[in-house]
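J.: need a structure here:
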Amino acid sequence: MKELQYLNKYFSKYKYRLLLGIIITIASKFLALQVPQIIRESINVAGDYKNGLVTNLADVKSELLMNILLIIGAALLSGFFTFLMRQTIIVMSRLIEFDLKNEIYQQYQNLSLNFYKKNRTGDLMNRISEDVTKVRMYFGPAIMYTINMLVLFVVAIIKMYQIDTVLTNYTLLPLPILSISIYILSRVINKRSTLIQQYLSKLTANAQETFSGISIIKSYGIEQSAMRSFKNLANTAKEKNINFYKAQALFFPLMILLIGLSNIMVIYVGGLRYMAGTISLGVIAEFIMYVNMLTWPVAVVGWVTSIVQQAEASQKRINEFLNQKPEIQNKTQLHSNINGNIEFKNVSFTYDDTDITALKNVSFKIEAGKTLAILGNTGSGKTSIINLIARLYDVTSGEVLIDDLNIEEVNLNDLRQNIGFVPQEAFLFSDTIKNNIKFGKENATDNEIEQAAKDAYIHKNIIAFNEGYNTYVGERGVTLSGGQKQRISIARAIIKNPKILIFDDCLSAVDTETEEIILNNLYKVSKHKTTIIISHRISSVKNADKIIVLDNGKIIQQGSHNELVNVKGYYKALFEQQLLEKEI
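T.: Reported below is the predicted structural model:
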């Protein structure tokens, strides 16, 4: 259970609720264990009357009636305390589940972008859902039934020893077999439970990727291939589950068998001792009740062991992520005032997952309030520059300066709060258009939202929808075109009013006429802001203060539009090509 030790902090947090639950459990089981003693006394009184040791029938009836009332009262109180026990311990497990999910979610947000490139979304989702559910069972039913079992065992066995030591010893003979069986089976269950969770993650990841790429699957007509892939995974997962439940299924019959052996011991040894006059008939009845009261707690040992082993396996998977340190660390808690000066000094950068060197000795500078444009072929390193400015990655060598300060010494939260980023592949949340724009500024007014939409030249499209700005987009709403998504993303960046605006080829899905309108609006709103534009179109970058051209991670040209268009090279060739296309 070493992996579950990570969760001890939650026991500390909810110690009073847990302590109350333990006290209530003890009270509940203590009351329940009074019943066999009352029944023993009732049988003995009846036996004494039959044997002539007691002659007053009225006294016998009165005592029996009193015992019946005591049994009913003890049962009612025990039931009430059992209800309270569930209200304390089970509710505690739900509170811990809530806390653990939030902790994992927070860790997911803290982890670096590189983490998400190495792990599949389905696996991440499975660990925060299925694995946490397994862990919750450890905090709830496992703890509750373990306390229940221990209290019953301790109190019942103490009472049994007080009554008859010899009979108790014979009754408990099967327990060593039980202990050995639990030890062996729990090891098997732990291994098989880990495999189940791993294959469940693979199934979730496969389904998530299939749904995300359903348009590709349909357009290529490979539904049957996708089904076979999922079916093969599902069959393997099924076999792993069957193997797990085969091992788990051994517990309950074994427990019942051992309880049956204990009953046989009570009846046989107890019968011999009764005939010898050592114990009364009521003692045998009391022992049989104790043994049968222990049937469920003993039987549940297997179930609880299975729960604990599954929780151990799941927590181990959770700990793998919780123990990871984000590659990008905020190294200062002091607030940084961002003005927008950006400088790259001999920057080289290699992606460690692919070992591809995206940037090689890149140097340039952009002053606050100026506009930088970046051109280059696919894979030339344009997006890598943006990732380094937003500090989604750290440089391999060289340094990135923000306002003449190494970016690693700048407060990470302040840096990102001062960046408005529009990616090439626009992402919209499954929410209203208004809330998607407000993502850039949570407390934005309706007027600010409309103005940002107008600047992004999407306002007219939005008001044409039946619900206007309250139209849902994404999985639960309307399907927008690529250009509409890009323009909503632009509005989201504009409304943030950051010091640094980054547009990563965000006008690729709009026509040239719309592009011209949006660019004119952007030049107005981006005044006094450091602006970085990545594009394949000369029309998008020609008004920039500085243009750099990348090729294979190196800067091969830089200057203004007028300077570059008069120099033979990539920029001039691209300009002439696009000019010819426009004329045609």
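
J.: How is the chain partitioned into domains?
T.: If the domains of the chain are taken from automatic domain parsing, they occupy 3-322, 342-583, with pieces of a single domain joined by a plus sign.

J.: which stretch among those comes nearest Gln333?
T.: Nearest to Gln333 among these is domain 342-583; the distance by CB to CB comes to 7.3 Å. (Each C-beta comes from the backbone N, C-alpha and C, glycine too.)

J.: can you give me the strands in the stretch 51-200 of the chain?
T.: Taking DSSP state E, counting those that start in this stretch to define them, one finds no strands in the stretch 51-200 of the chain.

J.: what about the helices in the stretch 101-250 of the chain?
T.: Counting by DSSP state H, counting those that start in this stretch, the stretch 101-250 of the chain has these helices, from start to end: 113-118, 121-137, 143-163, 165-171, 175-212, 214-219, 223-249.

J.: in the last one, what counts as buried?
T.: Neighbour counts using 16 or more other CB atoms under 10 Å place 226, 233-234, 237, 240-241, 244, 247-248 of helix 223-249 among the buried residues.

J.: Now do that helix against helix 175-212, angle only.
T.: Here the directions of helix 223-249 and helix 175-212 differ by 170 degrees (axes from the mean of the first three to the mean of the last three CA atoms, to 10 degrees).

J.: just for the protein, where's the confidence low?
T.: Of all residues in the chain, those with pLDDT under 70 make up the ranges 53-55, 179, 295-299, 302, 474-478, 509, 581-584.

J.: Skip the chain neighbours and tell me the closest residue to the most centrally placed residue in it.
T.: In the chain, the residue lying closest to the centroid (CA atoms, centre = their mean) is Ile128, at 1.9 Å. Across the structure, with CB to CB, 6 or more residues apart in numbering as the measure, the residue nearest Ile128 apart from its sequence neighbours is Ile104 (4.9 Å).

J.: okay, now that neighbour: neighbour count?
T.: Around Ile104 sit 19 other residues, with neighbours defined as other CB atoms under 10 Å.

J.: Does it touch Leu322 like I think?
T.: Yes: distance between Ile104 and Leu322: 6.8 Å, which falls inside the contact criterion (CB atoms under 8 Å).

J.: circling back to that earlier point, mind putting the domains of the chain in JSON lines, distance to Lys331 included?
T.: Putting the domains of the chain into JSON lines (distance: least, CB to CB, whole Å) gives the following:
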{"stretch": "domain 3-322", "distance to Lys331": "14"}
{"stretch": "domain 342-583", "distance to Lys331": "6"}
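
J.: Would you mind telling me which of those domains is nearest Ser336?
T.: Proximity of these to Ser336 was assessed by CB to CB; the nearest stretch is domain 342-583, lying at 4.1 Å.

J.: and Lys9, what helix or strand is that in?
T.: Secondary structure assigned from DSSP states H and E places Lys9 in helix 8-13.

J.: Lys360 belongs to a helix?
T.: No: when classified by DSSP: H, G, I helix; E, B strand; the rest coil, Lys360 is found to be strand rather than part of a helix.

J.: From Ser93, how far off is it?
T.: Between Lys360 and Ser93 the computed distance is 54 Å (CB to CB, to the nearest Å).

J.: what residues are up against Lys370?
T.: 530-531, 545-546 (CB atoms under 8 Å, 6 or more residues apart in numbering).

J.: May I ask which of those residues has the most neighbours?
T.: Most neighbours among those, by other CB under 10 Å: Thr530, with 26 neighbours.
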